[in-house]
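Asks: quick one, structure for this:
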Amino acid sequence: MARTSTKILAIARIALQETLRRKVLYIIGILFLLALFIVGSGMVVLQMATQAGELQAASSMKTQFVQVILGMWGVGALFLAVFLGAVGISSEINGKTIVNVLSRPVERTAYLTGRWLGTSIFLLGFQILGVLFALLIARIFDVPISQTVWLGFVEMFIDILFFSGVSLSLSVLMPPVPAGACAVLLSMLPTLVSSLLKNPRWIVRLPAAAVYYAGPSKMPVNLISDGFSKQVLNPDYALYLQVLAENLLYAIAVFVIGCIVFSRRELRLR
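Replies: Below you'll find the model as predicted:
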C-alpha cells in the first residue's frame, strides 16, 4: 500500500511538471490581464455613476465586476480541465514515454490515478488563484458575500475534478477531442432532456429519464450568481451538498470504470 502511494505521488509529480511545460501559465497571465482590463475600464464607468449619484447602479457594477472575473476564470479552469484530462494519455502514447513508465512495476490503475492527481493539483491551484483574486476585488469594492457563494466556490472545485477525471477516463477509450466533447456532453445531459421528462408519451419519457439519470446531478440554483446578486431566502444547504457529493462520486465512478478498461487495454504506440 505504501509503495503504491509512493508511485502515485511520483506519477502525480511528473504529470504536474508536464502540465507546467505545456505553457498553460500563459493562460493565467492572459486571464489576469483581462481581469485587470475589466476592472480598470469599469472604474471609469463606476466613477461616472458615483459622481452622477447613481449609487444603486454603482453598487450593481461592483458586484458584476466580481461575477465577471469569477465567470471568466471558471470557464478557463473548465477548459483546462477538459483539455489536460483528454490529452493526458494520448500525449504520452504519441511521445512513447508511457512505455518507460509502464515497463516498471507500476499498475495501470496507479498510473491513471497519479495522472489525475497531478492534473487536479494544478487545476485546484489555478482555481484558488482566481477565487483569491475575485475576493480581493470584492474586498476593495466592499461587495457583500453571502454564505452560498462559499458553497459555490466548492462547486467550482468539484466541477474541475469532474471534467478532468471524466475526460481522462474517456480518453482511454477514444481520442482526445471526442473524449473532451463527451465529457462536456455528459454534464449537459440533464439539461438537454429535462423538458422530455413531462412528455405524455411513455416511449419518449422513459428513454429521457434514463438519459437524465445517466448524467451528473444538476444544481438547482446558481450559488455564486444568486449569492452575489441577492440574499437567498431559505437556502437548502442539504440539497446543495447532496448535489456536490453526487457529482464528485459520479466522477470517481467514471474514473474507476476508466481504470478497469485501461488495465485491460492493449496499448498501441503511434
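Asks: by contact count, what packs against the top helix by length along the chain?
Replies: For the chain, the longest helix by residue count, based on DSSP state H, is helix 55-95. Where contact means 3 or more CB pairs under 8 Å, 6 or more residues apart in numbering; DSSP states H and E, helix 55-95 is packed against helix 2-21, helix 25-51, helix 98-102, helix 108-140, helix 147-170, helix 176-193, helix 223-229. C-beta coordinates here come from the backbone N, C-alpha and C atoms, glycine included.
Asks: 6 Å - rerun?
Replies: Packed against helix 55-95, as judged by 3 or more CB pairs under 6 Å, 6 or more residues apart in numbering; DSSP states H and E, are the following elements: helix 25-51, helix 108-140, helix 147-170, helix 176-193.
Asks: gap between the nearest residue to I89 once chain neighbours are set aside and F262?
Replies: Once flanking residues are discounted, I89 sits nearest to S171: 5.1 Å by CB to CB, 6 or more residues apart in numbering. Distance, S171 to F262, by CB to CB, to the nearest Å: 9 Å.
Asks: could you check which of these two has the larger neighbour count?
Replies: Between S171 and F262, S171 has the larger neighbour count (other CB atoms under 10 Å), namely 28 against 19.
Asks: you'd agree the more buried one is up against V87?
Replies: No: with contact defined as CB atoms under 6 Å, S171 does not reach V87; the gap is 7.4 Å.
Asks: any low-confidence regions in the stretch 101-250 of the chain?
Replies: Along the stretch 101-250 of the chain, the parts satisfying pLDDT under 70 run over 101-105, 229-233.
Asks: 50 instead?
Replies: In the predicted model of the stretch 101-250 of the chain, no residue satisfies pLDDT under 50.
Asks: ramachandran angles for S146?
Replies: Main-chain torsions, S146, degrees, to the nearest 10: phi -90, psi 170.
Asks: for it, grab the count of nearby residues.
Replies: By other CB under 10 Å, 18 other residues sit near S146.
Asks: OK, contacts around it?
Replies: G227 (CB atoms under 6 Å, 6 or more residues apart in numbering).
Asks: likewise for the one 10 residues further on?
Replies: M156 makes contacts with G74, Q127, as judged by CB under 6 Å, 6+ apart.
Asks: redo that, cut-off 10 Å
Replies: For M156, the contact set (CB atoms under 10 Å, 6 or more residues apart in numbering) comprises L70, W73, G74, A77, L78, L124, Q127, I128, G130, V131, L223, I224.
Asks: okay, it and A179: tell me how far apart.
Replies: Per CB to CB, M156 is found 22 Å from A179.
Asks: same question for T148.
Replies: Distance from T148 to A179, by CB to CB: 33 Å.
Asks: the two: who's more crowded?
Replies: With neighbours defined as other CB under 10 Å, T148 and A179 compare such that A179 has more, 25 against 21.
Asks: ok so, going back, shared neighbours of S171 and V87, anything?
Replies: Listed contacts common to S171 and V87 are V177, A179, G180; contacts here mean CB under 10 Å, 6+ apart.
Asks: can you redo those residues as JSON lines with distance to F37?
Replies: Shown next, in JSON lines, are the shared contacts of S171 and V87 (distance: CB to CB, whole Å):
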{"residue": "V177", "distance to F37": "31"}
{"residue": "A179", "distance to F37": "33"}
{"residue": "G180", "distance to F37": "28"}
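Asks: among these, which one lies nearest to Y237?
Replies: Lowest distance from Y237 to the shared contacts of S171 and V87 (CB to CB) belongs to G180, with 32.4 Å.
Asks: what is the burial count for K62?
Replies: Number of residues near K62 (other CB under 10 Å) recorded here: 20.
Asks: what sits against it?
Replies: By CB under 10 Å, 6+ apart, K62 lies in contact with G42, L46, I137, A138, I140, F141, D142, V143, P144, F228.
Asks: for these, which entry has the maximal number of neighbours?
Replies: The most crowded member of the contacts of K62, judged by other CB under 10 Å, is F228 (23 neighbours).
Asks: nearest spatial neighbour of it, skipping sequence neighbours?
Replies: T63 (5.1 Å).
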